[in-house]
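Visitor: mind looking at a prediction? Sequence and model below.
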Amino acid sequence: MKTIGVLGAGAWGTALAASAANAGRNVVLWARESDVVSAINSRQENTVFLPGVKLPATLTATSDYAALGACDAILLVSPAQHLRAMSLELACHVAKGVPFVICSKGIEVSTGKLLSEVLEETAPDNPVAVLSGPTFAAEVAKGLPCALTLATKDNQVGEKLIQALGQPVFRLYYNRDVVGAQIGGALKNVLAIATGIVAGLGIGENARAALITRGLAEMSRFGALYGAEAETLMGLSCLGDLILTCSSTQSRNMSLGKAIGEGQTFEDIMASRNSVSEGAHTVEIVQKIAVEKGLDMPITSAVYQILKEGKDVRRVTETLLARPFTNETT
């Protein structure tokens, strides 16, 4: 795998493109915005989504899907809700057998399907992998150490991707549980919003730790519904990502929750941002599935009530804290 394509030039897509280039690959980075393409090709910098980070010279940007046609693997880093349309467009230009690596985190709101299920419909001739773990884009782009899960059911594809993308500072751990690797990445965004609300309300670090732990219980219940393996949920793509995302306002989702806890409205916050907080979309479909399947997910429900029903933050928090005492392991 000499040439890697990256679909999506937000902060995370740009960071992954830089990392792949640093691993010795030629990289083609697809961006929708013409100013992003121009800045990367002329200044070696994504001035819109990842300013201040010098990008490798072996990385080129384009707005042409056809330019990804000669790539040996494609990293899909588009917003989760746009993956279906973008993968349909991309599949017309990419050869059969070229791996599609899901690097976005979320669940398709319109269908309730995991992103791997979306790709099974839109690109059935391309093997699917998932790349997920506790990472902030800026640190990856700067070459700081991290570790991630690379999940795919095809052992040979997994080995080739790890050899192509892995580095001492970008450690990849193989896993066959494609479902579990996606569950953690999707739900941790919802839980990060909740953790941010706790921080914004100023109700303490004890509350934050409790929320992360009970959030993991919700993640485990939801994962079991989809057949995720318990070991995966305790690994990098789930527990690891949950810890990181709930621990720093570098996370777009945690910073969103913090601003809400401090009294800002969801609409005003989103209007001021040029990046996606996937948890704000994911909470809608997770809440719907939880209600339909009878899953006990009170933290998810609280975030849903605040974001989607406009309920008062403090009142919802008080109701959550007043829930009856129960057995921790059920």
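Guide: Nice, I can see it.

Visitor: which residues of the stretch 201-330 of the chain fall in helices?
Guide: 205-226, 230-233, 241-245, 252-261, 266-271, 279-293, 298-308, 313-321 (DSSP state H, counting those that start in this stretch).

Visitor: the strands in the stretch 101-250 of the chain, which residues?
Guide: 128-132, 146-151, 170-175 (DSSP state E, counting those that start in this stretch).

Visitor: deepest in the core, which of those is it.
Guide: A comparison of the strands of the stretch 101-250 of the chain by mean neighbour count, using mean count of other CB atoms under 10 Å, puts strand 128-132 on top with a mean of 26. Where C-beta positions appear, they are placed from N, C-alpha and C, glycine not excepted.

Visitor: CA atoms only for it, dumped as PDB, please.
Guide: C-alpha atoms of strand 128-132 as PDB (Å, rounded to 0.1, in the frame of the first residue of the first chain):
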ATOM      1  CA  VAL A 128     -14.300  -2.600   5.500                       C
ATOM      2  CA  ALA A 129     -12.000  -1.700   8.400                       C
ATOM      3  CA  VAL A 130     -12.500   0.600  11.400                       C
ATOM      4  CA  LEU A 131      -9.800   2.800  12.800                       C
ATOM      5  CA  SER A 132     -10.600   4.200  16.200                       C
END
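
Visitor: next one: it to chain centre, how far?
Guide: 11 Å (CA atoms, centre = their mean, to the nearest Å).

Visitor: show me what it packs onto, helices and strands only.
Guide: strand 100-102, helix 115-122, strand 146-151, helix 155-165, helix 178-201 (3 or more CB pairs under 8 Å, 6 or more residues apart in numbering; DSSP states H and E).

Visitor: could you list the low-pLDDT ranges of this structure?
Guide: Applying pLDDT under 70 to the chain picks out residues 274-276.

Visitor: which residue is nearest the middle of it?
Guide: Nearest to the mean C-alpha position of the chain, by CA atoms, centre = their mean, lies residue 105 at 2.9 Å.

Visitor: list the contacts of it.
Guide: Residues in contact with residue 105, defined by CB atoms under 8 Å, 6 or more residues apart in numbering, are 80, 132, 182, 185, 186, 188, 189, 278.

Visitor: could you give the bridge partners of the second one?
Guide: Listed by DSSP bridges, the beta-bridge partners for residue 132 are residue 149.

Visitor: ok, now how distant is it from residue 183?
Guide: 10 Å (CB to CB, to the nearest Å).

Visitor: got the phi/psi numbers for the nearest residue to residue 146 once chain neighbours are set aside?
Guide: Leaving aside its chain neighbours, residue 146 sits nearest to residue 135 (4.9 Å; criterion: CB to CB, 6 or more residues apart in numbering). Main-chain torsions, residue 135, degrees, to the nearest 10: phi -140, psi 140.

Visitor: residue 74 belongs to a strand?
Guide: Yes - per DSSP: H, G, I helix; E, B strand; the rest coil, residue 74 lies within a strand segment.

Visitor: okay if I get the helices of the stretch 201-330 of the chain as a markdown table plus mean neighbour count and distance to residue 67?
Guide: Formatted as a markdown table, the helices of the stretch 201-330 of the chain follow (neighbours: other CB atoms under 10 Å; distance: least, CB to CB, whole Å):
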| stretch | mean neighbour count | distance to residue 67 |
| --- | --- | --- |
| helix 205-226 | 17 | 35 |
| helix 230-233 | 18 | 34 |
| helix 241-245 | 23 | 31 |
| helix 252-261 | 24 | 28 |
| helix 266-271 | 13 | 31 |
| helix 279-293 | 20 | 28 |
| helix 298-308 | 21 | 37 |
| helix 313-321 | 15 | 46 |
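
Visitor: right, and residue 297 touches residue 222 too?
Guide: Yes - the pair residue 297 / residue 222 is scored as a contact, 6.9 Å apart, by CB atoms under 8 Å.

Visitor: any residues in contact with both of those two?
Guide: With CB under 8 Å, 6+ apart, residue 297 and residue 222 have common neighbours 286, 290.

Visitor: picking that back up, redo the strands of the stretch 101-250 of the chain as TSV? Include distance to residue 284.
Guide: Formatted as TSV, the strands of the stretch 101-250 of the chain follow (distance: least, CB to CB, whole Å):
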stretch	distance to residue 284
strand 128-132	21
strand 146-151	25
strand 170-175	28
